[in-house]
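> got a predicted model here, sequence first, then my questions.
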Amino acid sequence: MSSHRAPGRPDPDEGEEAWRRARRTPASRPRGMSRRDALDAERVRAGKPPRPKKSGPGKFRPLAHRPKPEDPPLTPVQAAGFLVREVFLVLLIALGLSLLIKTYLMQAFFIPSSSMENTLQVGDRVLVSKMTPGPFTLNRGDIVVFQDPGGWLPASEKAPASSPTVERVHSALMFVGLMPSDADNHLIKRLIGLPGDKVVCCDKQGRVTVNGTPIGEPYVKTGSAPSEDEFTVTVPADHVWVMGDNRGDSADSRYHRDNADGTVPIDNVVGVAFARVWPLKRMSPLTNPSDVFDAVDSS
């Protein structure tokens with residue numbers, strides 16, 4: 001058979017021609033096979049030896065992919081670049097997960113006052129589930145964190161940070177959930193009355209009653225009366241009545257009757273505290289004393 005090539009032109013590399021066909025028709029190259037391996041396979045089929053592999057350190061980009069066993073050894077610069085890349089990715093993933101958890105699942109809060117003693121002390125850190133209210137419903141006895149409905153917290157001057165940079169870093173860490181949130185605009189109290197409940201103080205034994213049923217409150221600070229002030233309130237729809245465990249030193253629903261009769265809109269509730277995580281010696285779950293309200297009829 002006669003050849004159609006021009007006189008003096010070298011024989012075409014049949015492996016190269018096959019590789020060009022493989023590139024034009026990707027289905028002809030098995031999935032997962034590298035370009036070099038496909039080309040070498042075509043050369044072998046054409047009766048030609050595989051192309052010799054380069055010896056010595058080859059081109060390697062540590063920021064492009066994770067090193068493989070067959071890759072040449074990393075230079076110090078490449079190793080440092082790969083380490084920086086890995087640390088950056090880990091930090092980015094951690095920050096993203098922390099922000100996601102803080103936004104939808106849970107958040108840490110700092111206890112700034114003595115209104116929940118002895119259950120919570122000044123300086124305690126608690127974890128708050130943000131799934132209540134939401135997928136889970138509020139219950140009497142829950143320890144709830146809520147935004148100030150208006151006028152509950154006095155105006156206070158914030159202590160200056162050591163520098164503007166420190167303040168910005170602190171705010172950023174709180175935003176992503178890596179530090180407990182300040183309680184500048186939040187309060188923490190115990191939920192006593194749900195929407196429709198009639199909460200009264202006090203019966204002849206000095207106990208708070210809910211829907212006519214007196215409740216014994218073991219969480220009230222020792223030596224504190226259930227309430228030194230008398231009150232009667234019917235909790236309106238979409239609101240709750242809250243009181244601190246340290247009844248003698250808690251500016252709770254009893255002292256804000258001028259705004260929604262002292263009740264807190266459920267929309268202001270951030271979540272329910274379920275664990276004390278700091279200090280370590282006081283780390284413990286915060287359980288709901290549901291037996292206290294077992295006898296209370298729903299309104």
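Cool, got the structure. Residues are numbered from 1 along each chain as shown.
> please make it C-alpha for all contacts and neighbour counts, starting now.
Noted.
> how many neighbours does the closest residue to residue 253 other than its chain neighbours have?
The shortest distance from residue 253 to any non-neighbouring residue, by CA to CA, 6 or more residues apart in numbering, is to residue 262 (4.3 Å). Around residue 262 there are 21 other residues, counting by other CA atoms under 10 Å.
> what does the one 4 residues further on give?
Residue 266 has 19 neighbours, counted by other CA under 10 Å.
> I figured it hits residue 238, correct?
Yes: with contact taken as CA atoms under 8 Å, residue 266 and residue 238 are classed as touching, separated by 5.5 Å.
> pop out the phi and psi values for the residue nearest to residue 253.
Main-chain torsions, residue 262, degrees, to the nearest 10: phi 90, psi 0.
> show me where the protein has strands.
106-110, 125-129, 143-147, 186-193, 198-201, 208-210, 213-214, 231-234, 239-243, 264-265, 269-278, 284-285 (DSSP state E).
> could you export the first one as CSV, keeping only the C-alpha atoms?
The C-alpha trace of strand 106-110 is given here as CSV (Å, rounded to 0.1, in the frame of the first residue of the first chain):
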residue,chain,number,x,y,z
MET,A,106,-27.5,27.2,69.9
GLN,A,107,-25.6,30.1,71.3
ALA,A,108,-23.5,30.9,74.4
PHE,A,109,-24.5,33.7,76.8
PHE,A,110,-22.8,35.4,79.7
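> show me what the mean pLDDT comes to for it.
In this model, strand 106-110 has a mean pLDDT of 86.
> what is it packed up against?
Where contact means 3 or more CA pairs under 8 Å, 6 or more residues apart in numbering; DSSP states H and E, strand 106-110 is packed against strand 125-129.
> CA atoms of the strand it packs on as PDB?
The C-alpha coordinates for strand 125-129 follow below in PDB (Å, rounded to 0.1, in the frame of the first residue of the first chain):
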ATOM      1  CA  ARG A 125     -21.700  30.900  80.800                       C
ATOM      2  CA  VAL A 126     -24.800  29.000  79.500                       C
ATOM      3  CA  LEU A 127     -25.700  27.300  76.300                       C
ATOM      4  CA  VAL A 128     -29.100  28.300  74.900                       C
ATOM      5  CA  SER A 129     -31.100  26.200  72.400                       C
END
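> what does the pLDDT read for residue 282?
Confidence score, pLDDT, at residue 282: 92.
> got the contact list for it?
Neighbouring residues of residue 282 by CA atoms under 8 Å, 6 or more residues apart in numbering: residue 276.
> so how many other residues sit close to the nearest residue to residue 237 once chain neighbours are set aside?
The shortest distance from residue 237 to any non-neighbouring residue, by CA to CA, 6+ apart, is to residue 195 (4.9 Å). Using other CA under 10 Å, residue 195 has 18 neighbouring residues.
> list the contacts for residue 200?
Counted by CA under 8 Å, 6+ apart, residue 200 has contacts 208, 209, 210, 212, 230, 231, 232, 233.
> circling back: isn't the residue nearest to residue 237 right up against residue 240?
Yes: counting by CA under 8 Å, residue 195 does reach residue 240; the two are 5.9 Å apart.
> residue 253 and residue 242 touch, don't they?
Yes: contact criterion CA under 8 Å: residue 253 and residue 242 qualify, at 5.6 Å.
> just to revisit the earlier point, where does the residue nearest to residue 237 land on pLDDT?
At residue 195, pLDDT is 96.
> likewise for residue 81?
At residue 81, pLDDT is 79.
> returning to what we had before: adding distance to residue 86, write the strands of the chain out as CSV.
Putting the strands of the chain into CSV (distance: least, CA to CA, whole Å) gives the following:
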stretch, distance to residue 86
strand 106-110, 27
strand 125-129, 30
strand 143-147, 38
strand 186-193, 38
strand 198-201, 57
strand 208-210, 57
strand 213-214, 60
strand 231-234, 58
strand 239-243, 48
strand 264-265, 46
strand 269-278, 30
strand 284-285, 35
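> out of the ones you listed, flag the one nearest residue 50.
strand 106-110 (59.2 Å; CA to CA).
> closest one to residue 153 among the strands of the chain?
Nearest of the strands of the chain (CA to CA): strand 186-193, 8.3 Å.
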